[in-house]
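Asks: Have a look; sequence and predicted model below, questions after that.
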Amino acid sequence: MSESIIEQFCDQVWMEQGLSDATLSSYRSDLKLFNQWLQKQGKDLLRSSPFDIQQYLAERYTKQYSSRSTARFLSSARKFYRYLIQSNQIKVDPTQQIDSPKIQPPVPKSLSEDEVDSLLSQPDLETALGLRDKAMLELLYSSGLRITELISVEVNQIGFQQGVMRVIGKGNKERLVPIGEEALQAISLYIRHGRAELANEKVCDWLFLSTRGQRMTRQTFWHRIKLYAKTAGIRKHLSPHTLRHAFATHLLNHGADLRTLQMLLGHSDLSTTQIYTHVAKERLKQLHSEHHPRG
């Protein structure tokens, strides 16, 4: 009975919200695990109480589930019991008075400045692919773009005279981002000596092209980054955002403030940028130590 209600709930939220398979799978998995735990206690999913949920959370804590995983379970349970109330299957939501665990935002993985220099020196500038990859890596590190923004750049978005580019970010929001000299030079070399070869006489507006003359994909560029990291001897776990995080971290290390960083990264809310607060704090400690008479 409980299993079928979970499936009905998943079908309902899929129809109403168009959730992804991964999200639905998470809801289903979280609720089934909770249901199995309740059954071992001789209890029922439709008659669970706030005490039952608190007991289940306590057990998750003793088993060292992460706070992020537990917060996801509570989110699943809240949606599930809200659905049961709306469909008149229960009268009281047992999750209503239960607080979610506080989640510390993960510290983004980054690279040192020496590691970035090594990574950016890997592309072979004697080939069209190498010129393209060099330009992409330099621009990514120079401007802190998201990879989706990077592969979506069109030639006319680059202002070579002004040293800025127009970026269309999340929510179709537009921002102007400065481009460093080395990135501008790498882009110019690519346009003059590599792009036409990749275009193979096709006409298109995308700046960065694949070997088929089409827009680069996220997957292809991510594969290229991992290849260059390997040849550079970088053994850290990288993510597609690693150079974006390096851009942010290195700016803060050299004196930028969070508000400026927020604008450059295209964050709509400063709270998103505050994952880098630890970097800013470390810099403040260093400045205090270096310059205060009793530091």
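Replies: Ah, there it is. Numbering: from 1, shown residues only.

Asks: alpha carbons only for contacts and neighbour counts from here, please
Replies: Will do.

Asks: from what I can see residue 94 touches residue 46, true?
Replies: No: assessed by CA atoms under 8 Å, residue 94 is found out of contact with residue 46, at 9.8 Å.

Asks: So these two - more neighbours on which side?
Replies: Neighbour count, other CA atoms under 10 Å: between residue 94 and residue 46, residue 94 has more, with 21 against 16.

Asks: gap between the nearest residue to the more buried one once chain neighbours are set aside and residue 89?
Replies: Leaving aside its chain neighbours, residue 94 sits nearest to residue 50 (4.6 Å; criterion: CA to CA, 6 or more residues apart in numbering). Going from residue 50 to residue 89 by CA to CA, to the nearest Å gives 17 Å.

Asks: who's more crowded, these two?
Replies: Set residue 50 next to residue 89 and count neighbours by other CA under 10 Å: residue 50 wins out with 15 against 11.

Asks: As a check, name the ranges of all helices in the stretch 101-250 of the chain.
Replies: Secondary structure of the stretch 101-250 of the chain, counting by DSSP state H, counting those that start in this stretch: helices at 113-120, 128-143, 147-151, 181-193, 195-199, 218-231, 242-253.

Asks: now the residue lying closest to residue 46 once chain neighbours are set aside, what's its secondary structure?
Replies: What sits nearest to residue 46 in space, not counting adjacent residues and going by CA to CA, 6+ apart, is residue 90, at 6.9 Å. With DSSP: H, G, I helix; E, B strand; the rest coil as the basis, residue 90 sits in coil.

Asks: With residue 38 instead?
Replies: Quick answer, by three-state DSSP: residue 38 is helix.

Asks: Show the contacting residues for it.
Replies: 44, 45, 48, 52 (CA atoms under 8 Å, 6 or more residues apart in numbering).

Asks: From those, pick the one nearest residue 58.
Replies: residue 52 (9.8 Å; CA to CA).
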